[in-house]
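Asks: I would like the atomic coordinates for the input below:
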Amino acid sequence: MWKRSLPALNIALTFILVLGISFSVYSIVLALAPNPGHNLTEVGGGAVQGDIIYGSAADTFAALPKNITATRYLSNTGVSNNPAWAQVNLTNGVTGTLPTANGGTGIAFFTAAGPTLARTYTFPDANATVLTSNAAVTVAQGGTGLASLTANNVVLGNGASTPLFVAPGTAGNVLASNGTTWTSVGGWTLLGTATGATVTVGPVIWTGTYSRLMIMYNITGYGGGTPVGRLLIGAASISTTALTNGSTLQDQPSGVFVSAVSAPSIPGFPLAAVTGATGDLRSGVIYIEGASGSFKRIRANGSNLGTIAAPPKIFNGAGVFSDLSTNLPIQRAQLTVYDTLIATAASTNTFLTGTTITVWGSN
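Replies: Below is the predicted model of the structure:
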């Protein structure tokens, strides 16, 4: 019976074989031209060595040619974020902190500003602290250790400690050494000057009080007689007749000092021990010591003009001044002509032109 069914079986097997071959051919066709028909060998006209294939759009491939410049990296900086060759963008293309071994800082919180060109900064080959505006520079680093300095004070070194300061003190003070340190002490302040060709030259008037006065005078001569010039001092006014001075004077009219001449209880301080002639040119310096409102001591050194053949003759004097127990500060000075060393009234003779008086004060 199976022999009678053999022809039908052969027909069935032949049909199955033909169907299998048909499916195989169909699969091969699809493999050679897959839907939707991509052909990788025909991208952009074909691929060459070094090209990178990427999807440029949906179901579309493109080739990115190799970049022959060293060194470049793939980035998403192409059109529509397509791949492109680029250098590493340090602004947003890296992550992490570059360690010091690789030339970085090893920290993520450091910025620098200032240079607009390549500059060279040399650092010590040692651990060190960078000076900043965040704190005062210490003495060890060459600073003061202070955030501010007292206005108008002089800075004094103080070893490894913060510096010391010397205040200006009063007007006219100078910086002086006591052998150990520096202090502000009274210097000389110009109080005024006067010149003229009258019986009185001055007065020079000033304000304030001084414990020391230095008076420079120059007498060019007298308009007549044999008078003598005197220095008069006072407070708000000067009296030419008040008996305020007692003086001891010494002159050298003939090469040697004559005996001291006493001139007690007279107005002013004589600037010679002998009465002069019309051509008796004299100049010198007078020092007055004593705090305002106290008894004053007077010292004077001067000379006449002299010549090379006849050197100047020297004058010395010492005296005291009292403001008649009123204890007023000295605030004016003048030169006045008197006819004798002990006269109590001013002369009618005058100084010659060029006679001057200049006053300096100190504390």
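Asks: Let me know the secondary structure of residue 229.
Replies: At residue 229 the chain is in strand, as set by DSSP: H, G, I helix; E, B strand; the rest coil.
Asks: Spit out the contact partners of it.
Replies: With contact set as CB atoms under 8 Å, 6 or more residues apart in numbering, residue 229 has these partners: 217, 219, 222, 270-272, 276, 282, 335-338, 351, 355. The C-beta positions use only the backbone N, C-alpha and C, and glycine is treated the same way.
Asks: Let's see that with 7 Å instead.
Replies: Contact analysis of residue 229 by CB atoms under 7 Å, 6 or more residues apart in numbering lists 219, 271, 335, 337, 351.
Asks: Show me which of these is closest to residue 213.
Replies: Nearest to residue 213 among those: residue 335, at 14.3 Å, using CB to CB.
Asks: The helix or strand that residue 319 is a member of - which strands sit beside it in the sheet, and in what orientation?
Replies: Assigned by DSSP states H and E, residue 319 falls within strand 314-321. Note on strand 314-321: by DSSP bridges, its sheet partners are strand 245-251 (antiparallel), strand 296-304 (antiparallel).
Asks: Work out the gap between stretch 169-184 and the centre of the chain.
Replies: Distance of stretch 169-184 from the chain centroid (CA atoms, centre = their mean, to the nearest Å) equals 22 Å.
Asks: Could I get the contacts of residue 229 in JSON lines, plus columns for pLDDT and secondary structure?
Replies: Listed next are those as JSON lines, based on pLDDT from 0 to 100; DSSP: H, G, I helix; E, B strand; the rest coil:
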{"residue": "219", "pLDDT": "95", "secondary structure": "strand"}
{"residue": "271", "pLDDT": "92", "secondary structure": "coil"}
{"residue": "335", "pLDDT": "98", "secondary structure": "strand"}
{"residue": "337", "pLDDT": "96", "secondary structure": "strand"}
{"residue": "351", "pLDDT": "95", "secondary structure": "strand"}
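Asks: could you list every residue that touches the residue lying closest to residue 268 once chain neighbours are set aside?
Replies: Excluding its sequence neighbours, the residue lying closest to residue 268 (CB to CB, 6 or more residues apart in numbering) is residue 230, at 3.4 Å. Residues counted as contacts of residue 230 (CB under 7 Å, 6+ apart) are 268-271, 336, 338.
Asks: Surely residue 140 is within a helix?
Replies: Yes. According to three-state DSSP, residue 140 belongs to a helix.
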